[in-house]
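Peer 1: just a sequence and a predicted model for now, questions to come.
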Amino acid sequence: AELTDTVDEVDLRAIRSKVSTIEGVREIATCRGRLVGGALVVDVEVIANKDDLSASACRQIAERIRVALLDDPHVLDGKTLKDAAVNVVPAVKICPVVATMPSESDL
């Protein structure tokens, strides 16, 4: 589910690579980019590595990601990253009882 508006896939790969190194990130759900006045603006949705995070903890991870992206002048190899909107959601918690139940195809 990657949407791009004339944004080079190499740039989005660089963003995903940088985001994946941030503590608390389990998975990058979406990474979209668009050009605004020649500069790149990205929207990133991340799944945290824990399922019991508060909204405040998710916001702290999101801000760490945003700062890491905006403070690294080399993240886009000479191109300008104008802004990053980051959303972090906790990992899905799987009920232990449901996890042991047979799947629909097994029935």
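Peer 2: Yep, it's here. Numbers count the residues shown, from 1 in each chain.
Peer 1: for this structure, just list every one of the helices.
Peer 2: 9-20, 55-71, 96-99 (DSSP state H).
Peer 1: now the weakest link among those, please, by mean pLDDT.
Peer 2: For these, mean pLDDT drops lowest on helix 96-99, to a mean of 74.
Peer 1: let me see the contact set for residue 77.
Peer 2: residue 14 (C-beta atoms under 8 Å, 6 or more residues apart in numbering). Bear in mind the C-beta positions are built from the backbone N, C-alpha and C, glycine included.
Peer 1: which residue would you name as the spatial centre of the chain?
Peer 2: Nearest to the mean C-alpha position of the chain, by C-alpha atoms, centre = their mean, lies residue 46 at 3.3 Å.
Peer 1: ok, what's across the strand from it?
Peer 2: residue 28, residue 88 (DSSP bridges).
Peer 1: do you know how far it is from residue 31?
Peer 2: Distance, residue 46 to residue 31, using C-beta to C-beta, to the nearest Å: 9 Å.
Peer 1: what do these two both touch?
Peer 2: Shared contacts of residue 46 and residue 31 (C-beta under 8 Å, 6+ apart): residue 19.
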